[in-house]
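> coords please:
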Amino acid sequence: EVQVVESGGGSVQIGGSLKLSCTASGFTSDDYAIAWFRQAPGGEREGIACTSHADDYSTFYVESAEGRFTISSDTAKTTFYLQMNSLKPEDKGVYYCAAGEYIGAYNYWGQGTQVTVSS
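Presented below is the predicted three-dimensional model:
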């Protein structure tokens, strides 16, 4: 059974940083994709960043995250991180990690972790 678990959310001031973690377990190989999504209060879930084994772990970011957010992973490719710098109020929301066979096909979702950015 595949499980996805996020951690690392919290409350920071504008301009601060947070590092989220996502551990995906239960895959029979490391050939899968990982993505981070954000759901702002009252908003829809939005893709923020993603990477995959099939893309040789190239990273892709939504425009609002480009240059501020970075996906990385541990050597074993079982834990993925989202380093978020220069946080803005609009970055606030619940961040979800998702995993699936390839980018865009996410069958497994974590429970979400709250990120709050305040002045």
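
> and what about the one residue sitting closest to the centre of the chain, helix, strand or coil?
Per CA atoms, centre = their mean, the C-alpha nearest to the average position across the chain is that of Trp36, at 2.7 Å. Here Trp36 is recorded as strand under DSSP: H, G, I helix; E, B strand; the rest coil.

> which ones are touching it?
Under the criterion of CB atoms under 8 Å, 6 or more residues apart in numbering, the neighbours of Trp36 are 20, 22, 47-50, 69, 71, 82, 95-98. Placement of C-beta: from N, CA and C, glycine included.

> wait, isn't Ile34 in contact with Thr78?
No. With contact defined as CB atoms under 8 Å, Ile34 does not reach Thr78; the gap is 10.2 Å.

> strands of the protein, start to end?
Secondary structure of the chain (DSSP state E): strands at 3-7, 10-13, 18-25, 33-39, 45-52, 59-61, 69-73, 79-84, 93-102, 105-109, 113-118.

> pick the most buried one from these.
Highest mean neighbour count of the strands of the chain: strand 33-39, a mean of 23 (counted as mean count of other CB atoms under 10 Å).
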